[in-house]
Every structure is written in structure tokens, then in C-alpha cells.
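> Mind looking at a prediction? Sequence and model below.
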Amino acid sequence: MSAIETVTIPPAQNKLPGLALAFAVAAVAFGLGKLLPLVGGAVFGIVLGLVVRHFAPPAASFQPGIRFASKQILQWSIIALGFGLSLTQVAHTGLESLSVTVTTVAAAGISAFVLGKVLRVHDKLRLLIGVGTAICGGSAIAAVVPILKPDEHDTAFAISTIFLFNLVAVLLFPALGHLLHLSDLGFGLWAGTAINDTSSVVAAGYSFSHAAGDYATIVKLTRATLIIPICLVLALIVGWKEKRSGRSDFSLRSIFPWFILWFLVASAVRTAGLVPEVALPWVHFAAECLIIVALTSIGLSADLRRMASTGPRPILLGLGVWASVAVTSLIVQYLIGRL
């Protein structure tokens, strides 16, 4: 009697179908993002992933690769972003805009907590929207996902909500800036602290003036470095909660955001001048591609029906947090004489 042997698929090969699907959908999203840069490839990735998941759910054989892309590649994308960030430039601009940046981040955190409670938005979705609005939209949400471990549909919902108000800001901010007679630096600081996504900051800033666009971009990059302390604080809070719950297998090492340390290393390499200027566009391109693939995978994992069942409360939360950040930025600038 002969035994029937079971063939085990190697882990790498097991991931190939899901990775191939994620990269194929992401390639379409990338192309659409180039056609409509105001929307961007990352948002198209989320949307296309949701559409594919809703109308043609990937089979079980695709899931290992999709999970890998939504977790591992997501972390790689954050590390790649570090190579485009000069800490010297951040330190110089950060000191100038520190009071406004810190106050707006605090306003986002407080308003997300209070409004989230009032609107009965659950903790993880509330945190995702708060962090995304406070720091840098989709990139910040991507950075905290490995720590919070939210459902994929929550991540997709948070990124979609942040994008909605980015789009509104790009259309509304330049007109409001002229109406309020803001200076170039005043508008640049406002856009850099109150608009989330980098492409939206650039679009709004340069719509106002070239000087405003330059300053807004630098302020935005400075603000992005706050991903580091935010992730570390969230890791400590999650660890404290896990320990209080009495989990015997808990270890801080297992939840510590190690990719943030590599983000710092990448930024240090850039600051030391070890990344040639000619290579920077390619580094930025690689980071953009990785984050589109990762967010596409999150869309492929999310459940559109569950998102719809959440109702309008997260969108109202996003509106309230975004408005509090925009108003706080103007108030602080007025108080310190920067307008």
C-alpha cells in the first residue's frame, strides 16, 4: 500500500498569486494617479482594491500575498520615505514652525478623542483618523497600522475620509488665504500644518504662490517626522494595555515599531549626504510605488459592506478634526504674529 505524499507549497511561492494581483491593481492605480495627481495613486489603490474585493473577491490562494503586501510592504514603504527626509532641513524649519505644529497636533488629538466619543466612533478608527489628520494623512495611518492592528476596512475608511478633506482643502484653502490676506509664509505654514497629504499641500501651496508652496512643502516634511514619537507613544500605550489585560505571552519587543528605527536610519543616511541627489527622484518613486501596493492590498482586504454599515459618523469625525486643526493653525499664527 503506497502512501500519498502531500506537496507543501513554499512560503514565497504561496505569496505569489496575491502579490501579483496587488502589483497589477497597483500599476493601474499608479497610472491613474499620474493622470489625476490631485487624487494620487494611493487613493486610487485603495478604491480599486475595494472595487475588486467587492465585485470579484480574491480566492483563498491570494490571501497570503495580499496580507504580506498590506503588512510587510507597508513597513518597507515607510522606511523608503525616510531616504527622502533631510533631518538638517527638518531641524531648521521645525524650530520656526514648532509652536504651530505641536499645537495643531494636540488639537487633532483632543478633538478626535472628544468628537469620537460623542459620535460613538470606536477607538481604533478614531485613532486612525486623528493621527492621519494630525500628521500626514495616508503615510501616518500606514505607520500606525502595524501597532494598532485595525481591521482592513477601518484603515481603508480612515484613508478615504482623510482624502476627502484633502481634496476640499486644495480647492478651498487658496481662496480663503487670499480672502484673509495671508502672507506667503503665513499661508505656507497654514497649508503645511492643516492639510494632510504631501501632494495636496504642494497643490494648495503653489496655487497661492511659489514662495508659499516652497515653505508649505518644507513644513509638511517637518511635520512628517512626528510619525516617530507618535508611533513610539502608541506602542507604549498598546503594550501597557496588553500587560494590564494579563496576557502571559506579551512582550514589548513584539509590538515595538522597529520599522520606525529603520526610518530614522534612512533619514540619517540622507542627512549624511550618502544618497546622491541624482538618486533622490528614484528613491521617491520607489517609496511611492511601495505605498500604493500596500494600500491597494489593504483595499483588497477590506469589506465595502462593513464600511457602508459604519454610516456617516467617521466622516463627521474627520470633518470636525480637520476643521479644528485648520482653525487652530490660524489662531496660533495670529497670536505669535506670523500672519
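In hand now; what should we look at?
> burial of Ala134, as a residue count?
25 (other CB atoms under 10 Å). Every residue, glycine included, has its C-beta placed from N, CA and C.
> can you pull the pLDDT of it?
On pLDDT, Ala134 comes in at 87.
> so who does it touch?
104-105, 108-109, 112, 140, 226, 230, 321, 325 (CB atoms under 8 Å, 6 or more residues apart in numbering).
> Dump the C-alpha coordinates for stretch 279-298 into PDB.
Presented in PDB, the C-alpha positions along stretch 279-298 are these (Å, rounded to 0.1, in the frame of the first residue of the first chain):
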ATOM      1  CA  ALA A 279      19.100  59.200  -6.900                       C
ATOM      2  CA  LEU A 280      16.500  61.100  -4.900                       C
ATOM      3  CA  PRO A 281      13.800  61.000  -7.600                       C
ATOM      4  CA  TRP A 282      14.200  57.300  -7.900                       C
ATOM      5  CA  VAL A 283      14.100  56.800  -4.100                       C
ATOM      6  CA  HIS A 284      10.900  58.900  -4.000                       C
ATOM      7  CA  PHE A 285       9.500  56.800  -6.900                       C
ATOM      8  CA  ALA A 286      10.200  53.500  -5.100                       C
ATOM      9  CA  ALA A 287       8.600  54.800  -1.900                       C
ATOM     10  CA  GLU A 288       5.500  55.900  -3.800                       C
ATOM     11  CA  CYS A 289       5.200  52.500  -5.600                       C
ATOM     12  CA  LEU A 290       5.600  50.600  -2.300                       C
ATOM     13  CA  ILE A 291       2.900  52.600  -0.500                       C
ATOM     14  CA  ILE A 292       0.500  52.200  -3.500                       C
ATOM     15  CA  VAL A 293       1.000  48.500  -3.500                       C
ATOM     16  CA  ALA A 294       0.500  48.300   0.300                       C
ATOM     17  CA  LEU A 295      -2.700  50.500   0.300                       C
ATOM     18  CA  THR A 296      -4.000  48.600  -2.700                       C
ATOM     19  CA  SER A 297      -3.600  45.400  -0.700                       C
ATOM     20  CA  ILE A 298      -5.500  47.000   2.200                       C
END
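> Of all the residues in that stretch, which ones are buried?
283, 286-298 (16 or more other CB atoms under 10 Å).
> Out of those, which sit inside strands?
Applying DSSP state E to the buried residues of stretch 279-298, no entry is found in strands.
> mind listing which of the residues you listed are in helices?
In this view, those that belong to helices under DSSP state H are 283, 286-298.
> sorry, back to before: most surrounded residue in the contacts of Ala134?
Val321 (29 neighbours).
> Does anything pack onto the helix or strand where that one lies? Which helices or strands?
Assessed by DSSP states H and E, Val321 sits inside helix 313-335. The contact analysis (3 or more CB pairs under 8 Å, 6 or more residues apart in numbering; DSSP states H and E) places helix 313-335 against helix 87-119, helix 123-134, helix 152-179, helix 184-194.
> just to revisit the earlier point, make TSV out of the ones in helices among the buried residues of stretch 279-298 and add distance to Ala27.
Converted to TSV, those look like this (distance: CB to CB, whole Å):
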residue	distance to Ala27
Val283	20
Ala286	14
Ala287	16
Glu288	12
Cys289	9
Leu290	13
Ile291	14
Ile292	9
Val293	9
Ala294	14
Leu295	13
Thr296	9
Ser297	13
Ile298	16
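> one step back: go ahead and measure how far the helix holding Val321 is from the middle of the chain.
From the chain centre to the centre of helix 313-335 is a distance of 18 Å (CA atoms, centre = their mean, to the nearest Å).
> Check stretch 16-34 too.
Chain-centre distance of stretch 16-34: 19 Å, with CA atoms, centre = their mean.
> Please enumerate residues in contact with that stretch?
Applying CB under 8 Å, 6+ apart, the contact partners of stretch 16-34 are 39-45, 47-49, 52, 58, 61-69, 288-289, 292-293, 296-297, 299-300.
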